[in-house]
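Peer 1: just coords:
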C-alpha cells in the first residue's frame, strides 16, 4: 500500500486532474457504452412486438 | 477436422449464434468486472509511486489496455469483415459492425488518456509524433467505417463497403505498433521500462496485464450484446426471430 491517507490517495501526488481525468472518463465511457448497447437491444426487442414489424419496410432495408 | 468445419458454418448463421451469444455475455461481463476490480486495486493501491513520473504514471493502467484493445479490436473487426467478403456470411458483417463502435471508443480513450499523461510528463497534450498520429488515424478509420456503413441503407452492401475499408486500414496497425522503433518519437518505447526497479516493474506489469484482460473481456461482452441487437434489427422479419420468446 503506497498511501497513508485517503486525501493523499485522491491527490495522486499532485497529478489528480490527469489521473482521475483518465480513469474517470474511461469508466464513464465504458458504463455509458454498456448502457447504450443494452438500450439498443431492448429497442430492437420492442420493435419485434410492433404488429407491423413483420411487414416489409419501404426504407430500403434488405429483405432478409 | 470435418467436424470443425461443420461447427464453423453452423455458428456463422445469426440464428445459431443468437442464443449462445446471450448465454456467454454474463460470464464475460463478470470476468471483466472481477479483473477490473483486481487491476484497479493493483494499479491504484498495490503499485508504488514511480520515482521518475510520480503518480502520473498510473494512467498506464487504463492507457495501455485502451490502446492495445483499440488495435486488437481493429484486427478482429477486419478479420470478420474479410471472412464476410469471402464467404458472404451474414453474421461476419454483423460482427464487424458490432466491434467498430467499441474499437472507436478504445481508440478515443487511448488518445484521451495519452493526452492527460503527456501533459505532466512531456509538457504537452498533443504532438504530431508517429505513434500518436497513427493512433489518431486508427480512430479516423473506425469513424470512417461507421460513417460509411451508416451512409448505405442496404446492410449487406454496407458490410461489403465497410469490409474493403477495414481491410485496407489494416496496414495502419503495424505502423502504430512499430512507430516507436521506426521513427524518433516522443512516445516511450516498450511499455515496461527496464530503467525502473525490478520489483516495481513486476507489480506494474501485473496490474497492466490484468487491466488489459479486463478490457478484453469487456470488449467481448459488449460486442456480443451489440451483435445480438444488430441480429434482431436486421433479421426482424425472419421466421426464427418471430418465434423468439422476445417477439411474443
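Peer 2: Received, thanks. Keep in mind the model is a prediction, meaning the values are calculated, not measured.
Peer 1: Please name the residues that touch residue B:85.
Peer 2: Residue B:85 is in contact with B:160, B:163-164, B:167, counting by C-beta atoms under 8 Å, 6 or more residues apart in numbering or on different chains. (Glycine included, C-beta is placed from N, CA and C.)
Peer 1: measure stretch B:53-69 end to end?
Peer 2: End-to-end distance of stretch B:53-69: 24 Å, with C-alpha to C-alpha, to the nearest Å as the criterion.
Peer 1: picking up where we left off before, would you turn the contacts of residue B:85 into TSV with distance to residue B:98 and pLDDT?
Peer 2: Listed next are those as TSV, based on distance: C-beta to C-beta, whole Å; pLDDT from 0 to 100:
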residue	distance to residue B:98	pLDDT
B:160	17	94
B:163	14	96
B:164	18	96
B:167	17	96
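Peer 1: Would you mind giving me the ChimeraX syntax to select the buried ones in these?
Peer 2: Burial among the contacts of residue B:85 is assessed by 16 or more other C-beta atoms under 10 Å in any protein chain shown; the matching ChimeraX selection reads:
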select /B:160,163
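Peer 1: and the two most separated of the contacts of residue B:85?
Peer 2: B:160 and B:167 (10.9 Å; C-beta to C-beta).
Peer 1: worst-scoring helix or strand of chain A, pLDDT-wise?
Peer 2: Sorting the helices and strands of chain A by mean pLDDT, DSSP states H and E puts helix A:6-11 at the bottom, at a mean of 93.
Peer 1: Please see if whichever helix or strand comes after it touches chain B.
Peer 2: Next along the chain after helix A:6-11, taking DSSP states H and E as the criterion, comes helix A:16-49. Yes: using C-beta under 8 Å from any C-beta of the partner chain, helix A:16-49 reaches chain B at A:17-19, A:21-23, A:25-26, A:29-30, A:33-34, A:37-38, A:40-41, A:43-45, A:47-49.
Peer 1: Going through the residues you listed, which ones are buried?
Peer 2: Looks like those have A:18-19, A:21-23, A:25-26, A:29-30, A:33-34, A:37, A:40-41, A:44-45, A:48 buried, using 16+ other C-beta under 10 Å.
Peer 1: still on that earlier bit, off-centre distance for the least confident helix or strand of chain A?
Peer 2: 28 Å (C-alpha atoms, centre = their mean, to the nearest Å).
Peer 1: Phi, psi for residue B:49 please.
Peer 2: The phi and psi values for residue B:49, taken as degrees, to the nearest 10, are phi -70, psi 140.
Peer 1: Isn't it up against residue A:2?
Peer 2: Yes: when contacts are counted by C-beta atoms under 8 Å, residue B:49 is listed as touching residue A:2 (5.7 Å).
Peer 1: more crowded one of these two?
Peer 2: residue B:49 (17 against 14; other C-beta atoms under 10 Å in any protein chain shown).
Peer 1: how near is the more buried one to residue B:43?
Peer 2: 12 Å (C-beta to C-beta, to the nearest Å).
Peer 1: Same check on residue B:72?
Peer 2: Relative to residue B:43, residue B:72 is positioned 20 Å away (C-beta to C-beta).
Peer 1: Centre of the chain to the longest helix anywhere in chain B, how far?
Peer 2: As assigned by DSSP state H, the longest helix anywhere in chain B is helix B:198-234. Helix B:198-234 has its C-alpha centroid displaced from the chain centroid by 8 Å (C-alpha atoms, centre = their mean).
Peer 1: I'm done for today, thanks for sticking with me.
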